[in-house]
Structure formats: structure tokens, C-alpha cells
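In: Predicted coordinates and the sequence they were generated for:
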Amino acid sequence: MQFIPVKQLAASLVLCAFASVAWAQYVWTDEKGAKQFSDMPPPASVPKNRILKQPGGAFAAPVTATASASAAPANADDAAPKTPLSTAEKNADFMKRRTEQAEKDKKAASEAQAARDKAQNCDKARKYQSALASGQRMASTDSNGERVFLEDEQRSREMRETNRILADCK
């Protein structure tokens, strides 16, 4: 007859102890109908009828009067257990989220384009202001297509207009 070494016996006892701890688990269904597994008790908001498994009486969390009063639903609609969403409801919810996201993306793209346009216009206004301030001769074309040089009065008007535009660029 062979004897089991003491070390192997001790190791097997320790493993059995860990295995018994694994049995001390809670299983319940959440609001969406999905099973939740935990070694901690479920939240106080989970009704007793949705707790599928809990450890023996020594590990069960006692329910106090204050905890049950605070966990009571605010209205009768919350008291009814919610059924899982059907495929059509999930699809409708998905489509709603998708259109909302598309609208957000479109809005973000238009805002980004407006910001790029504003930066480009500000850059052009700065260059025009620099050219006006340099004192060099500036010309424009009139309604007949002829080239007309800016006079001092027109130059000062253009400077004021360019400064007003650049005030929004800061």
C-alpha cells in the first residue's frame, strides 16, 4: 500500500478550498435581461425575483428596512420588469443613433469648413492690409473693365474696411 505524500494532500485541500469559494457567486438578470455574475451581492435596485442564484444563508446580504425603502421604484412603471428589446426595436434604436451621428458629423464638417474659410479670408485680409499699408500704388478695375488706381481717400476707406474685417479674425 502506498501513502500519499503530505505535500500533495495539503495542495489538494487548498485547491478544494478555492473551488468552494467559486460556488459563492450571485447570478441575476439586469434591466436588459442579460445575466450578471458576481461574487458581490447585486445592487439594491435588483428585485428579489430577478436573483437567480445566491450563496447559502450565511453569505446572503440582509435586507434592511431603509435599503428596501430606498430601492422602491418611484412610480408603477418602474416596478414592472422590462422585457428585452425585440429585433425591430433594436434596429429602430440603431437607425436613430446612426442618423443622429450622421447629423453630428455633418454639422462638425460644416463647422470645420466654415473655420477653414474664415481662416483663409482672414489671411487674405491681412495680406491686403499689408499691401495697403506699404504705400505702393494699388489698382482696381471699374465697371468698364479699365484699370483705376486707388486715391488716398479710397485707400483710407479700404484700410478701415480691412481693419473691421480683421477685428473679427482675432
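Out: Thanks, I have it. Numbering: from 1, shown residues only.
In: quick one: which helix or strand includes residue 128?
Out: In the assignment (DSSP states H and E), residue 128 maps to helix 87-134.
In: Ignore what I typed, I meant residue 36.
Out: For residue 36, the host element (DSSP H and E) is strand 35-38.
In: which secondary structure elements does that strand contact?
Out: Here strand 35-38 touches strand 26-29, going by 3 or more C-beta pairs under 8 Å, 6 or more residues apart in numbering; DSSP states H and E. All C-beta spots, glycine's among them, are computed from the backbone N, C-alpha and C.
In: distance between the strand it packs on and the chain's centre?
Out: Centroid displacement of strand 26-29 relative to its chain, using C-alpha atoms, centre = their mean, to the nearest Å, is 28 Å.
In: List the buried residues of it.
Out: Residues of strand 26-29 classed as buried: 26, 28-29 (neighbour count, 16 or more other C-beta atoms under 10 Å).
In: likewise stretch 121-138?
Out: Residues of stretch 121-138 classed as buried by neighbour count (16+ other C-beta under 10 Å): 125, 128-129, 132, 138.
In: what does that stretch rub up against?
Out: The contact list for stretch 121-138 (C-beta atoms under 8 Å, 6 or more residues apart in numbering) reads 149-150, 155, 158-159, 162-163, 165-166, 168-169.
In: From those, list the buried ones, please.
Out: 155, 158, 162, 165.
In: Most widely separated two among the residues you listed?
Out: Within the buried ones among the contacts of stretch 121-138, 155 and 165 form the most distant pair, 15.6 Å apart (C-beta to C-beta).
In: Name the residues of stretch 88-103 that are buried.
Out: For stretch 88-103, a neighbour-count test (16+ other C-beta under 10 Å) marks nothing as buried.
In: Over it, what's the mean pLDDT, rounded is fine.
Out: The pLDDT scores in stretch 88-103 average 93.
In: Give me the residues contacting that stretch.
Out: Stretch 88-103 has contacts (C-beta under 8 Å, 6+ apart) with residue 85.
In: chain center to it: distance?
Out: Distance of stretch 88-103 from the chain centroid (C-alpha atoms, centre = their mean) equals 16 Å.
In: just stretch 116-126 next, same as before
Out: In terms of C-alpha atoms, centre = their mean, the centre of stretch 116-126 is set 33 Å apart from its chain centre.
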